[in-house]
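coordinates for the following, if possible.
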Amino acid sequence: MESLQCQTMNNATKTSTTIEALSYAQRERLFFIEFRLYFLGDVRRQDLMKRFGVAPAVATRDFAQYRDMFPDNISFDSRSKCYVIGDAFSPAFNHLAERVLTALSWGFGDGIGGSSDPLLTCELPKILNQPSMAILAPITRAVHQQKVVSIDYTSHTSGYSSREIAPFALVNDGLRWHIRAFDRKSKEFRDFVITRVLKSQLIEDNQILHHEQSAADIQWNRIVELDLVPHPNQEYLEIIENDYGMTGGALHLKLRAAIAGYVLRQWIVDCSSGHSLQGKEYRLWLRNHLALYGVSSAKLAPGYEFPEV
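Purely as a prediction, here's the structure:
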C-alpha cells in the first residue's frame, strides 16, 4: 500500500512538472480541452480554434499533446467526429467551482461586444445596481498603480462629500461591489460602495503614504476563524450539513475581519449568543460568536451584540 501511494504521488508530481513545462498559452488551451471534456463531455477542434483563434495545425497539435499526456481522459468518437471524455477520466488541472460555474453560465472569453455565450442554459439573478465603468476604471487603475483617487461620494450618514482615498482592494459582499481604501477625510480605512461614487479621478502625482497602505489596515489583515453549524431551530440538520459541505457537523471559515460581517449577513447566519433569532431563513448559527470581538464589520452580522465595555 505504501509503495502504491508513493507511486501515485510520483505520477502526480510528474504530471504537474510536465504541465508546467508547457508554455502558458498551451496550458490554457489544454485546460480548455479538459474543461469541455469534464463538464460538457465532448470537444471539437473547431471549439479550440474559435476560442483561441489558432490555426487548424495548432489545434491538432494541442489535441495530440493532451492525448499523449493524459490518454485515459480522452478518446475520439468516429461517429460524431469529436473528442469525448474517456471512461477512466481523472482531471489533470485544478477546476475551481466558482470559476467553473462562471464559465458555464457566462462563457469563456473577454466578452468584447457581448461575444461570450453561455455553455449551458443558466438563469442568474438580476443584478440591480451595476457600477458605472467610467467611475470604476480610475479606481481600479489607482489600485493597480498604487495611487490616490479623488471621489465625490454620498452616504446615508454623512450625505454628499468630496474626499481622497487610497484604494487597494475590491470587495463583493454578495449584493454589491465595494472598494477597500484609506480615507484621508476620516483618516481611517473604510469600505466605499462603488455605486455611491458619483465621480472619480486618478491623481497622478499623489503618492500613497506608508500608513495608508494595506499593510497598516488592521481589520483587513486580521483573520478570524468562524464555526458555522446548522441552526438548532432547523428540522433537518443533515440536509443543511450536506448543503454547506460541513465536516463533523460544522463549517470552518477563515475570513478577513473587514469582510466577516458581510459574509455572515449574506448567508443569513444567526450570530446571537443563544441562537435566539427565529425564522426558517436562519439555517446557520455562529457557534463561536466571541470570535467577532473587535471585528468592526460585526455590526452587519445578524443578531450579534457588541459586549459592554
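
measure residue 27 to residue 19 for me?
Residue 27 is 6 Å from residue 19, where distance means Cβ to Cβ, to the nearest Å. For the C-beta atoms, the positions are set from N, CA and C on the backbone; glycine is no exception.

hmm, I typed the wrong one, I wanted residue 283.
Counting by Cβ to Cβ, the separation of residue 283 from residue 19 is 40 Å.

out of the two, which sits in the busier spot?
residue 283 (21 against 16; other Cβ atoms under 10 Å).

strands of the stretch 201-309 of the chain, residue ranges please.
With strands called from DSSP state E, counting those that start in this stretch, the stretch 201-309 of the chain shows them at 223-230, 251-256, 269-270, 284-286.

also the stretch 51-200 of the chain?
74-77, 82-85, 147-155, 159-172, 177-183, 188-193, 197-207.

these: which one's closest to residue 233?
Proximity to residue 233, assessed across those by Cβ to Cβ, is greatest for strand 159-172 (29.4 Å).

identify each buried residue in that closest one, please.
Within strand 159-172, the residues scored as buried using 16 or more other Cβ atoms under 10 Å are 163-169, 171.

nearest to residue 217, of the residues you listed?
Nearest to residue 217 out of the buried residues of strand 159-172 is residue 168 (Cβ to Cβ; 7.9 Å).

so for this structure, which residue is the most central one in space?
Nearest to the mean C-alpha position of the chain, by Cα atoms, centre = their mean, lies residue 98 at 6.3 Å.

now the residue nearest to residue 62 when sequence neighbours are not counted: which helix or strand?
Leaving aside its chain neighbours, residue 62 sits nearest to residue 29 (4.9 Å; criterion: Cβ to Cβ, 6 or more residues apart in numbering). Assigned by DSSP states H and E, residue 29 belongs to helix 24-40.

ok, then the element right after that helix?
Remark: after helix 24-40, the chain's next helix or strand is strand 42-43, criterion DSSP H and E.

what pairs with that following strand, and is each one parallel or antiparallel?
Based on DSSP bridges, the pairing partners of strand 42-43 within the sheet are strand 82-85 (antiparallel).

pretty sure residue 107 is touching residue 120, no?
No. The criterion here is Cβ atoms under 8 Å, and residue 107 misses it with residue 120 at 9.7 Å.

so for these two, which sits in the more crowded spot?
Set residue 107 next to residue 120 and count neighbours by other Cβ under 10 Å: residue 107 wins out with 17 against 11.

give me the distance between that one and residue 101.
The spacing between residue 107 and residue 101, counted by Cβ to Cβ, is 12 Å.

then residue 39?
Per Cβ to Cβ, residue 39 is found 10 Å from residue 101.

show me the contact partners of stretch 175-183.
With Cβ atoms under 8 Å, 6 or more residues apart in numbering as the test, stretch 175-183 has contacts from 129, 131, 139, 143, 163, 165-172, 188-195, 208, 211-214, 216-217, 220, 258, 266.

the helices in the stretch 201-309 of the chain, which residues?
Taking DSSP state H, counting those that start in this stretch, the helices of the stretch 201-309 of the chain run over residues 218-221, 237-243, 257-266.

in PDB, list the C-alpha atoms belonging to stretch 243-250.
Extracted C-alpha coordinates of stretch 243-250, given in PDB (Å, rounded to 0.1, in the frame of the first residue of the first chain):
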ATOM      1  CA  ASP A 243     -25.800  21.800   1.600                       C
ATOM      2  CA  TYR A 244     -22.700  23.500   3.100                       C
ATOM      3  CA  GLY A 245     -20.300  20.600   2.800                       C
ATOM      4  CA  MET A 246     -19.800  20.500   6.600                       C
ATOM      5  CA  THR A 247     -17.200  18.200   8.300                       C
ATOM      6  CA  GLY A 248     -18.100  16.900  11.700                       C
ATOM      7  CA  GLY A 249     -21.300  18.900  11.700                       C
ATOM      8  CA  ALA A 250     -19.600  22.300  11.200                       C
END
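
pull out the buried positions in that stretch.
For stretch 243-250, a neighbour-count test (16+ other Cβ under 10 Å) marks 246, 250 as buried.

the closest residue in space to residue 263 that isn't next to it in sequence: what's it in contact with?
Residue nearest to residue 263 in three dimensions, not counting chain neighbours: residue 255, with 5.8 Å by Cβ to Cβ, 6+ apart. If you count contacts by Cβ under 8 Å, 6+ apart, residue 255 has them with 223-224, 226, 263.

if we go to 7 Å?
Shown in contact with residue 255 (Cβ atoms under 7 Å, 6 or more residues apart in numbering): 224, 226, 263.

much appreciated, bye for now.
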